[in-house]
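**Q** Predicted coordinates and the sequence they were generated for:
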Amino acid sequence: MRVLLSTRGSRGDVEPMAALAVQLLGLGAEVRVCAPPDEEFAAVLARAGVPLVPVGPTARSMVKGPKRFRSADMAQRVADMVAETYDTVTEAASEGCDVVVATGMFPAVAGARAAAEKLGTRYVYTCFQPTMLPSPHHPPFEYPSHPHPAGVTDNRVLWDLDIQHMNALFGGPVNAHRASAGLPPVDNFRDHLLTDHPWLATDPLLSPWVLPADLDVVQTGAWILPDERPLPADLEAFLDAGPPPVYVGFGSMPMAAAEDVARVAVEAVRAHGHRVLLARGWADLSLVDDAADCFAVGEVNQQALFRRVAAVVHHGGAGTMTTAARAGAPQVVVPQMVDQPYYAGRVAALGIGVAHDGPVPTVASLSAALGTALEAGTRARAAEVAGEVRSDGAMAAAKLLFEGVSSE
């Protein structure tokens with residue numbers, strides 16, 4: 001079986017695809033992964049034993065610097081992303097590909113689906129958070145240019161409006177490209193991409209799909225890429241030099257006023273008498289002084305690291321939240337966008353940490369959240385939940401792909 005995996009987004013979109021690739025390779029499939037040409041993404045896929053098929057500009061350049069995605073040039077960026085993904089997936093899947101699995105930013109998914117249509121190849125949409133999928137149990141996330149109408153709280157109404165919003169944002173460029181490729185137009189952009197049977201690659205406990213629902217969703221469990229890399233020697237030395245520190249990192253979030261965020265985090269953690277482990281990430285967080293109680297890290301094995309920290313302060317990405325939960329580390333989630341408020345709410349609902357109120361922490365607000373996260377009861381609950389999180393989601397998905405191809 002030949003499988004093409006396509007994604008455009010952050011590390012949280014690429015690493016699960018790498019996890020799926022590992023399981024597919026183990027079952028004897030041939031796998032290719034189309035993703036942005038960021039060096040860290042290539043490194044993740046190299047660990048999975050799959051080469052990167054580059055598509056478009058780097059993901060980092062789309063959120064930082066002069067080429068970042070702006071609403072003013074939305075139509076052109078959407079058109080470019082659709083075309084780039086279509087061309088790359090078409091070429092990568094042209095020689096006997098059995099299935100295209102797509103996720104990430106919607107214009108890229110549209111390009112991948114169009115390529116699958118043109119080639120006559122099976123297409124599967126997957127996502128890593130329930131809030132991407134229509135449900136009466138939660139609202140869609142808001143686009144900055146299309147906020148929810150004041151006073152409207154019925155989730156079904158909001159999801160109906162979501163179709164209109166997505167058509168307005170993406171439908172024109174997508175249908176223009178489809179016409180150029182000899183494909184028919186679509187009048188419901190969202191449901192065309194999601195299909196009637198989307199896949200949800202999240203843990204059923206941490207991030208459940210709530211029934212009853214209108215969509216026939218296949219929840220596979222989270223796709224987790226095992227990480228056996230040792231921690232760097234200088235980090236090991238810091239960890240061994242004192243009690244477990246509090247980890248603070250915001251992953252692929254650029255974070256405005258990063259210097260202030262770092263200062264707030266360090267002061268809030270120190271207020272509780274803990275050492276600080278600051279992750280640089282795409283915000284480029286850096287140490288605020290040269291005191292021995294703080295240490296900064298770059299790319300690192302979080303699966304190993306989170307088992308050795310007192311708490312994890314993060315942005316609420318699905319991957320970071322799941323990794324911290326599997327490690328039994330209490331969490332403080334400072335959500336920035338899209339699905340992150342949802343994951344902040346799940347952390348709070350499960351009792352394994354705290355949802356910070358809003359995206360901009362102060363010393364007082366973060367210190368208060370840490371006060372709860374560092375309580376013995378929170379750590380005990382986090383340890384309990386850690387034992388219940390599944391790790392077989394990628395294997396379940398790989399088997400489903402094989403079953404789907406064999407039944408055709």
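**A** Received, thanks.

**Q** average pLDDT for stretch 390-408?
**A** Here stretch 390-408 scores 88 as its mean pLDDT.

**Q** Local confidence estimate at the nearest residue to residue 351 once chain neighbours are set aside?
**A** In space, and not counting its chain neighbours, residue 351 is closest to residue 381: 4.4 Å by C-beta to C-beta, 6 or more residues apart in numbering. Placement of C-beta: from N, CA and C, glycine included. Residue 381 is assigned a pLDDT of 98 by the prediction.

**Q** before we move on, which element is residue 381 in?
**A** For residue 381, the host element (DSSP states H and E) is helix 376-386.

**Q** Quick one: list the elements packing against the helix or strand following that helix.
**A** Following the chain from helix 376-386 toward its C-terminal end, the next helix or strand by DSSP H and E is helix 393-406. In terms of contacts (3 or more C-beta pairs under 8 Å, 6 or more residues apart in numbering; DSSP states H and E), helix 393-406 is packed against helix 11-26, strand 99-104, strand 122-127.

**Q** Let's have those in JSON lines, adding mean neighbour count.
**A** JSON lines is the format used below for those (neighbours: other C-beta atoms under 10 Å):
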{"stretch": "helix 11-26", "mean neighbour count": "24"}
{"stretch": "strand 99-104", "mean neighbour count": "25"}
{"stretch": "strand 122-127", "mean neighbour count": "21"}
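
**Q** Throw those into TSV and include distance to residue 368 and mean pLDDT, thanks.
**A** Below are the helices and strands packed on helix 393-406 laid out as TSV (distance: least, C-beta to C-beta, whole Å; pLDDT from 0 to 100):
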stretch	distance to residue 368	mean pLDDT
helix 11-26	27	97
strand 99-104	35	97
strand 122-127	33	97
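
**Q** Ok, which of the ones you listed comes nearest residue 142?
**A** The minimum distance between residue 142 and the helices and strands packed on helix 393-406 falls on strand 122-127, with 17.2 Å, by C-beta to C-beta.

**Q** Just checking: what are the partner strands of the closest one?
**A** Partners of strand 122-127 in the sheet, by DSSP bridges, are strand 99-104 (parallel), strand 199-200 (parallel).

**Q** Out of those, which gets nearest to residue 355?
**A** Using C-beta to C-beta, the strands paired with strand 122-127 put strand 199-200 closest to residue 355, at 21.4 Å.

**Q** List the buried residues in the helix or strand harbouring residue 42.
**A** Assigned by DSSP H and E, residue 42 belongs to helix 39-48. For helix 39-48, burial by neighbour count (16 or more other C-beta atoms under 10 Å) applies to 40, 41, 42, 44, 45, 48.

**Q** Of those, just say which sits nearest to residue 281.
**A** Residue 281 lies nearest to residue 40 out of those, by C-beta to C-beta, at 10.6 Å.

**Q** in the longest helix along the chain, what's buried?
**A** Using DSSP state H to define each element, the chain has its longest helix at helix 74-92. Residues 77-86, 88-90, 92 are the ones in helix 74-92 that count as buried (16+ other C-beta under 10 Å).

**Q** Now do it against strand 99-104, angle only.
**A** Between helix 74-92 and strand 99-104, the angle formed by their directions is 150 degrees, by axes from the mean of the first three to the mean of the last three C-alpha atoms, to 10 degrees.

**Q** got the contact list for helix 74-92?
**A** Under the criterion C-beta atoms under 8 Å, 6 or more residues apart in numbering, residues 4, 6, 8, 32, 34, 53-56, 69, 100, 105, 107-112, 114-116, 118-119, 145, 169-170, 172-174, 176-177, 181 lie in contact with helix 74-92.

**Q** Kindly recompute the last result at 6 Å.
**A** Residues from elsewhere that reach helix 74-92 (C-beta atoms under 6 Å, 6 or more residues apart in numbering): 4, 6, 32, 34, 53, 55-56, 69, 107-108, 110-112, 114-115, 170, 173-174, 177.

**Q** Work out the gap between that helix and the centre of the chain.
**A** Its chain's C-alpha centre and that of helix 74-92 lie 21 Å apart, by C-alpha atoms, centre = their mean, to the nearest Å.

**Q** Using CSV, write out the CA atom coordinates for it.
**A** Taking C-alpha atoms only, helix 74-92 is exported to CSV below (Å, rounded to 0.1, in the frame of the first residue of the first chain):
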residue,chain,number,x,y,z
MET,A,74,-5.8,36.5,2.6
ALA,A,75,-7.2,35.8,-0.9
GLN,A,76,-3.8,35.6,-2.5
ARG,A,77,-2.3,33.5,0.3
VAL,A,78,-5.2,31.1,0.1
ALA,A,79,-4.8,30.8,-3.6
ASP,A,80,-1.1,30.2,-3.3
MET,A,81,-1.5,27.6,-0.6
VAL,A,82,-4.2,25.7,-2.5
ALA,A,83,-2.1,25.6,-5.7
GLU,A,84,1.2,24.8,-3.9
THR,A,85,-0.3,21.9,-2.1
TYR,A,86,-2.2,20.6,-5.1
ASP,A,87,0.9,20.6,-7.3
THR,A,88,3.1,18.9,-4.6
VAL,A,89,0.5,16.3,-3.6
THR,A,90,-0.3,15.5,-7.3
GLU,A,91,3.3,14.9,-8.1
ALA,A,92,4.0,12.9,-4.9
